[in-house]
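A.B. asks: need a structure here:
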Amino acid sequence: MKPTIAHLGIAVTDLDAAASFYRKVLHVPCRGPEEADGARILHLDFGEAEVELLAPMTPDSPIGRFLAKRGPGIHHICYRVADLDASIAACREHGYTLVDEVPRAGANGHRIAFLHPKATHGTLIELTE
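C.D. replies: Numbering: from 1, shown residues only. Next up, the predicted model:
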């Protein structure tokens with residue numbers, strides 16, 4: 001299996017206001033919200049990939065800190081891989097800095113791991129199976 005884009009994470013201050021465009025203009029099906037990693041997450045279905053709207057539950061959550069520093073916008077891109085453990089091992093082998101040294105549970109209960117943006121040319125990358 002070649003890697004595919006699983007989703008794009010977009011940090012927002014107001015989940016309902018941000019979802020309005022997708023619902024009213026694009027008529028995109030959505031699921032949620034759910035809570036994970038200190039964020040309320042609304043999943044927008046774009047076929048094989050999703051857009052996740054991420055609103056912080058607290059100011060000191062990862063999304064809360066991102067918004068305070070950078071404001072609303074693209075937070076991360078998530079790639080679906082065939083074997084998350086093998087991909088993490090390859091990251092270590094090639095010197096990529098991991099935020100998550102071992103997979104953890106993310107949205108929808110999927111196993112995930114993040115790579116540090118300093119190691120990936122400024123983009124926070126999430127890997128999932």
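
A.B. asks: what about the helices in this structure?
C.D. replies: Per DSSP state H, the chain carries helices over the ranges 15-24, 62-70, 84-93.

A.B. asks: contacting residues for the residue most central in space within the chain?
C.D. replies: In the chain, the centroid-proximal residue (CA atoms, centre = their mean) is Gly9; its distance is 4.2 Å. By CB atoms under 8 Å, 6 or more residues apart in numbering, the residues touching Gly9 are 52, 54, 74-78, 126. Quick note: C-beta positions are derived from backbone N, CA and C, even for glycine.

A.B. asks: now a PyMOL select for only the buried ones of those.
C.D. replies: Here is the PyMOL selection string for the buried members of the contacts of Gly9, based on 16 or more other CB atoms under 10 Å:
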select buried, resi 52+54+75+76+77+78+126
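
A.B. asks: now, which of the contacts of Gly9 sits nearest Ala113?
C.D. replies: Glu126 (7.3 Å; CB to CB).
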